[in-house]
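[1] Whatever this is, show me its structure:
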Amino acid sequence: MQQGREEEDDLEEEEDDEDEVGPERALEKSPFQLTAGDVYDISSLVGRDLLQLSDGPRVPATLARLQFRIVRVLEMLETLLSLGPDKMVIDLTDPNRPRFTLQELRDVLQERNQLKAQLLVVQEELQCYKRYIVKSAKN
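    Next comes the predicted model:
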């Protein structure tokens, strides 16, 4: 009878391990990659461990797992808070991320506007030369 109960416990642990493959990954992510779903997964994991603490026999393993998870969550929060309110998070793997400073963009826009103005002057001169050529050809 005892052996049957141990087998059931082993099966339950394996099922728990299979269920935790997805939610466990949330704890391995960078804080900047977390989604709302990841936050719910982490909350579920911590809640499950708290419930297991009240069950009894596997307390040391559950306690160690819970301690790791709480420390990891605190590390994530610390990382997010260390940015400060006026800092922007940029995903370096995003191909559409900003690559220029605001001053560099202003300089580029100013240069573009100067080049546009010069182009308009050159186009006007070209129109004048075309008119001159057309008039010369008629005479």
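
[2] Backbone dihedrals for Thr101, please?
    Dihedral pair for Thr101: phi -80, psi 170, per degrees, to the nearest 10.

[3] gap between it and Asp91?
    Counting by C-beta to C-beta, to the nearest Å, the gap from Thr101 to Asp91 is 18 Å. For the C-beta atoms, the positions are set from N, CA and C on the backbone; glycine is no exception.

[4] go on, Ala64?
    33 Å.

[5] Between its first and last residues, how far does stretch 51-64 reach?
    End-to-end distance for stretch 51-64: 14 Å, by C-alpha to C-alpha, to the nearest Å.

[6] cool, and stretch 77-94?
    By C-alpha to C-alpha, one end of stretch 77-94 lies 23 Å from the other end.

[7] pLDDT wise, what is Pro23 at?
    Per-residue confidence (pLDDT) for Pro23: 75.

[8] residues in contact with it?
    Asp41, Ile42, Ser44, Leu45 (C-beta atoms under 8 Å, 6 or more residues apart in numbering).

[9] Identify all contacting residues around stretch 73-82.
    So stretch 73-82 is in contact with Leu27, Pro31, Phe32, Leu34, Ile42, Val46, going by C-beta under 8 Å, 6+ apart.

[10] try it again with 6 Å
    Pro31 (C-beta atoms under 6 Å, 6 or more residues apart in numbering).
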